[in-house]
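Asks: what shape does this take:
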Amino acid sequence: MDYVNGDDVTNNKHLAEAIDVTREGSAQPGSAGYDEPGSAGPDHTLRDSTFTVAIEELRKIEAAPAESQEEIEEVIELLQRGRNASNEHRARVMAEAHEKLQDIWVPPE
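Replies: Numbering: from 1, shown residues only. Modelled structure (predicted):
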């Protein structure tokens, strides 16, 4: 899976996964069962799991240039702050994180 940023292409698997799950997590509240209790295990919703996976994948990135790493840290903070909000707010946080991640370049690992 390749993501393009200007003239650069990255196939960094951790960034790619974070981009995918933030897109999924930005689903409208109530759609596709993302907010159904137990949809991702006891006491967890699918939207909960998208926050967990996105944060975990972003933390695995080790080869990012300094500027990109700062942007990644900002997205992690955004996700951590928004993960316990209302479903509507969490969907907006995921959409914002998704948008920001698409503008970050990280080399393959």
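
Asks: and stretch 46-60, which residues are buried?
Replies: 46-51, 53-55, 57-58 (16 or more other CB atoms under 10 Å). C-betas here are computed from N, CA, C, even on glycine.

Asks: tell me where the model's unsure across the chain.
Replies: 1-10 (pLDDT under 70).

Asks: can you give me the strands in it?
Replies: Here the chain has its strands, by DSSP state E, at 3-5, 8-10.

Asks: quick one, what contacts the nearest residue to residue 17 once chain neighbours are set aside?
Replies: For residue 17, ignoring the flanking residues on the chain, the nearest one in space by CB to CB, 6 or more residues apart in numbering is residue 57 at 4.5 Å. Listed by CB atoms under 8 Å, 6 or more residues apart in numbering, the contact set of residue 57 reads 14-15, 17-18, 21.

Asks: let's go with 10 Å and repeat that
Replies: Residue 57 is in contact with 12-22, 101, counting by CB atoms under 10 Å, 6 or more residues apart in numbering.

Asks: ok, residue 63 next?
Replies: Contacts for residue 63 (CB under 10 Å, 6+ apart) come out as 10, 12, 14-15, 69, 106-109.

Asks: now with 6 Å?
Replies: Residue 63 makes contact with 107, 109, according to CB atoms under 6 Å, 6 or more residues apart in numbering.
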